[in-house]
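Colleague: sharing a model that was predicted from the sequence below.
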Amino acid sequence: MTIFQKMLLTPIISLIILIGVTIDATNKQASIEDLKAYRSTYVPLLTIAKENIFLFKQMRNLYKDAITADEPEWLYQAKDAHQQILKNIDILQHHKNIVDNNRLIDIQAWLETYTYTVEEIVKQDLAQQADLHTHQESAQLIKHLHIQIDQGLKDMAEQTESRFYEEVEADYIAQEKVVVQGGGLAIGLLLLTIFSSLYLSISTRNSLIALTERIKALASGKPDFSKRVQRRSNDEIRYLVFWFNRLQDKLEASYKEIAHAAITDQLTKLNNRKRCDEYLAQTIKQAETGEITLAAVVADIDHFKAVNDNYGHLTGDKVLKQFADILRSQANEHAFLGRWGGEEFVLLLKNYRPEHAHQYCEQLRQSIAGASFKEAGMVTASFGMSVYQPGDSEESLMSKADHLLYQAKENGRNRVESDI
């Protein structure tokens, strides 16, 4: 993801938060509308249920008064109350999800039986045909039905009221859930926005600091090519880091080429005089501490001036290169080779016994003498070898080797002279 895309996350997440808050508000409004719908449905039903209780009580009193006062007109008033209760029950039956329809059917049947029984008693009383035993049985039945109807109507009212409060409570719970979810979503997205912004800022800053430090090191001439800038995120900074590391790779290769050229003789590809001086200083210090044994050898091509005079400098260069190749072909990890200058070469032999070092030089002399140098024909070399002794310095050691070389020249050339 690019930095631009990450930057777009903030407004996008903010928009999501706004949508979440809007949805939350919409859900709240829906809950209010649901509550209004509950009230418009339940309140009339609850009023009807409570009205039935009142009408039944009125009907019972009218029947009681009709029997006591022998007033048949009150029966008609009781019938009006009875008819209204039946109408109300019919309305309640249309709301099966709120009231118990079977219970309503029972109440309706009890009410019919109750009404019929009471009216029969009143008619018998008015006609003075009432039988005492029958009258008592009917009274017991009326009392029993009265209790059932009264309790049924009260239960119906309580049931309606209870269902109303259950719906309201469920709506409140749903509303609280929406509020909690909406708030949690908003907080979560807000934290995500903050975390994303901090991560983008810190990671970008760290990568830019690392790049700056690497650039400063390059500019100061003290580069550390052992390290590379790292960037995990796949963004513009990583693209910049990639090409910066590629630039470092190129610079490192160039530095190595320059460093190698600075210590290498361009003709023979052996170590040059500068590198020979550095290496000699290091090995002298090691020899002083007894860490190594050391022998310094100076080799010189015999009659090299005659080669240049007779065959030309190009042939002379070829002789120097072939001479270096012979030295290199027989060198090992304990032998340091370098071009000291002109036709002179230096060998620094570490951890050789003196007699073995002398033998090594003799083998080199024989290899050179036995080689064919093409245009120049046979070429020989003289060697002067001096073994390090306590107290020797760089100058004294090389001076002894150089003196022994001149002895080899004076003793007929193509030989090895040493101080062992």
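Modeller: All right, it came through fine. Numbering: from 1, shown residues only.
Colleague: use CA for all of it now, contacts and neighbours both
Modeller: Noted.
Colleague: other residues contacting stretch 93-105?
Modeller: 89, 92, 152, 156, 159-160, 163 (Cα atoms under 8 Å, 6 or more residues apart in numbering).
Colleague: then stretch 178-188 to CSV, C-alphas only?
Modeller: Extracted C-alpha coordinates of stretch 178-188, given in CSV (Å, rounded to 0.1, in the frame of the first residue of the first chain):
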residue,chain,number,x,y,z
VAL,A,178,-27.4,-0.4,18.9
VAL,A,179,-26.0,2.4,20.9
VAL,A,180,-23.2,0.2,22.3
GLN,A,181,-22.4,-1.3,18.9
GLY,A,182,-22.4,2.1,17.2
GLY,A,183,-20.3,3.6,20.0
GLY,A,184,-17.9,0.6,19.9
LEU,A,185,-17.6,0.8,16.1
ALA,A,186,-16.9,4.5,16.3
ILE,A,187,-14.3,4.2,19.0
GLY,A,188,-12.7,1.2,17.2
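Colleague: buried ones in that stretch?
Modeller: Across stretch 178-188, burial judged by 16 or more other Cα atoms under 10 Å covers 178-179, 182-183, 185-186.
Colleague: of the residues you listed, which belong to helices?
Modeller: Using DSSP state H, the subset of those located in helices is 178-179, 182-183, 185-186.
Colleague: need the three-state assignment for residue 390.
Modeller: Residue 390 carries the three-state label coil when classified by DSSP: H, G, I helix; E, B strand; the rest coil.
Colleague: is it correct that it is in contact with residue 290?
Modeller: No: if you go by Cα atoms under 8 Å, residue 390 and residue 290 don't touch, sitting 9.1 Å apart.
Colleague: for this protein, what spans make up the strands?
Modeller: Per DSSP state E, the chain carries strands over the ranges 294-301, 335-341, 344-350, 381-387, 416-418.
Colleague: I'd like the ones you listed as CSV, with mean neighbour count, mean pLDDT and distance to residue 308 appended.
Modeller: Below are the strands of the chain laid out as CSV (neighbours: other Cα atoms under 10 Å; pLDDT from 0 to 100; distance: least, Cα to Cα, whole Å):
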stretch, mean neighbour count, mean pLDDT, distance to residue 308
strand 294-301, 26, 97, 12
strand 335-341, 21, 95, 16
strand 344-350, 23, 97, 15
strand 381-387, 28, 97, 16
strand 416-418, 24, 96, 24
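Colleague: now tabulate those strands in TSV and tack on distance to residue 250.
Modeller: Shown next, in TSV, are the strands of the chain (distance: least, Cα to Cα, whole Å):
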stretch	distance to residue 250
strand 294-301	38
strand 335-341	29
strand 344-350	34
strand 381-387	42
strand 416-418	46
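Colleague: which of those strands sits closest to residue 43?
Modeller: Nearest of the strands of the chain to residue 43, taken as Cα to Cα: strand 335-341 at 109.9 Å.
Colleague: extract the C-alpha set from that closest one and format it as CSV.
Modeller: Coordinates of each C-alpha in strand 335-341 appear next as CSV, following Å, rounded to 0.1, in the frame of the first residue of the first chain:
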residue,chain,number,x,y,z
ALA,A,335,53.9,-15.7,0.5
PHE,A,336,53.2,-12.1,-0.2
LEU,A,337,54.2,-10.9,-3.7
GLY,A,338,54.7,-7.3,-4.9
ARG,A,339,56.5,-5.3,-7.5
TRP,A,340,59.1,-3.2,-5.7
GLY,A,341,59.9,-1.0,-8.7
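Colleague: packing partners of it?
Modeller: Under the contact definition 3 or more Cα pairs under 8 Å, 6 or more residues apart in numbering; DSSP states H and E, strand 335-341 sits against helix 273-288, strand 344-350.
Colleague: contacts for it, please.
Modeller: Outside strand 335-341, the residues within contact range by Cα under 8 Å, 6+ apart are 265, 268, 270-273, 275-276, 327-328, 331, 345-350.
Colleague: with adjacent residues omitted, what lies nearest to residue 224?
Modeller: For residue 224, ignoring the flanking residues on the chain, the nearest one in space by Cα to Cα, 6 or more residues apart in numbering is residue 217 at 7.3 Å.
Colleague: pairing partners for residue 350 in the sheet, please.
Modeller: For residue 350, the beta-bridge partners under DSSP bridges are residue 294.
Colleague: tell me the contacts of it?
Modeller: 292-295, 334-335.
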